[in-house]
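Engineer: got a predicted model here, sequence first, then my questions.
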Amino acid sequence: MSYSFRTNKFFLQNARAYILALILAGLSWWLVEIFQLPDNQTHKKKLSSAHSPDYFSKGYLKKEMDEQGNLKSTLFAEEMLHYSDDGVTHMINPVMSLYNSDSPPWVIKSETGILSVDGKNLWLNGKVFIHRNKGQGVKELGIETSNLRVKPEENYAEGDEWAKLSSPPQWTEGTGIQMIFKKPISLKLLANVKSYYEIN
């Protein structure tokens, strides 16, 4: 009889502890519901909604003129998304044209691009193609590379990837490129340079 009494007393004490734990768990859940404490997913949703486009355009075109009113550059993109949190502009299939008064324009194409908020830096990502048609006193020139950094106001571009310059039938390739698109035009390959020339 004494053993049974002790067992029942032990059971009652444990049952009280379990009931108290259940009450505390329920109270905690209720407090979380009331105060809406953010979980990781809610926090991620808030962050992702903060970095969302505030406007977009299809067939985006921007033109820039020089002090004399002549066309200095154009920037076209199939699609453009502007983000309000950092002010940058993301583009799909951007095409930038840089104009000189006495020669055909330089046309630069890439897969995607990001334009800084002040418009002074343009990052061209993926494959990049640069082309200038033949003109008076200048030969046709094509350049293939990847991931190019362009400073439109300075008519300057640079990249760290492999690049190939073609002016048929000649070509030159190397790693890393620096280029100035206005006179005096300068084009430099930085490392591992090799060339092919045909002599008439």
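Structural biologist: Good, I have the coordinates.

Engineer: low-confidence ranges in the chain?
Structural biologist: Counting by pLDDT under 70, the chain shows low-confidence ranges at 1-15, 17-18, 27-51, 200.

Engineer: would you mind measuring from the residue nearest in space to the middle of the chain to Ala25?
Structural biologist: With distances taken as CA atoms, centre = their mean, the residue of the chain nearest its centroid is Ile114 (4.8 Å). Ile114 sits at a distance of 49 Å from Ala25 (criterion: CB to CB, to the nearest Å). From N, CA and C alone the C-beta is placed, and that goes for glycine too.

Engineer: hey, where'd the helices end up in the chain?
Structural biologist: 2-35, 40-50 (DSSP state H).

Engineer: quick check: beta-bridge partners of Lys62?
Structural biologist: Here Lys62 sits in beta bridges with Leu75, going by DSSP bridges.

Engineer: okay, now the closest residue to Pro94 other than its chain neighbours: neighbour count?
Structural biologist: With CB to CB, 6 or more residues apart in numbering as the measure, Gly113 is the residue that lies nearest to Pro94, at 3.8 Å, once sequence neighbours are left out. Using other CB atoms under 10 Å, Gly113 has 26 other residues around it.

Engineer: surely Gly113 is in contact with Leu124?
Structural biologist: Yes - between Gly113 and Leu124 there is a contact under CB atoms under 8 Å: 5.0 Å.

Engineer: what is in contact with the two at once?
Structural biologist: Pro94 (CB atoms under 8 Å, 6 or more residues apart in numbering).

Engineer: check the gap between Glu140 and Val107 for me.
Structural biologist: 12 Å.

Engineer: the more surrounded of the two?
Structural biologist: For the pair Glu140 and Val107, the greater number of neighbours falls to Val107 (16 against 13), based on other CB under 10 Å.

Engineer: for Ser195, give me its contacts.
Structural biologist: 170-173.

Engineer: ok, of those residues, which one's closest to Ser146?
Structural biologist: Of all those, Ser146 sits closest to Glu173, with 12.9 Å by CB to CB.

Engineer: burial measure for that closest one, as a count.
Structural biologist: For Glu173, using other CB under 10 Å, the count is 17.

Engineer: that one touches Lys164, doesn't it?
Structural biologist: Yes - using CB under 8 Å, Glu173 makes contact with Lys164 at a distance of 4.2 Å.

Engineer: intersection of neighbour lists for the two?
Structural biologist: Counting by CB under 8 Å, 6+ apart, nothing touches both Glu173 and Lys164.

Engineer: hey, what's Leu71 bridged with?
Structural biologist: Going by DSSP bridges, Leu71 forms beta bridges with Met65.

Engineer: that one is in contact with Lys63, isn't it?
Structural biologist: Yes - using CB under 8 Å, Leu71 is in contact with Lys63, at 6.5 Å.

Engineer: which one of the two is surrounded by more residues?
Structural biologist: A direct count of neighbours by other CB under 10 Å for Leu71 and Lys63 places Leu71 higher, at 14 against 11.

Engineer: list the contacts for the more buried one?
Structural biologist: Leu71 makes contacts with 63-65, 99, as judged by CB under 8 Å, 6+ apart.
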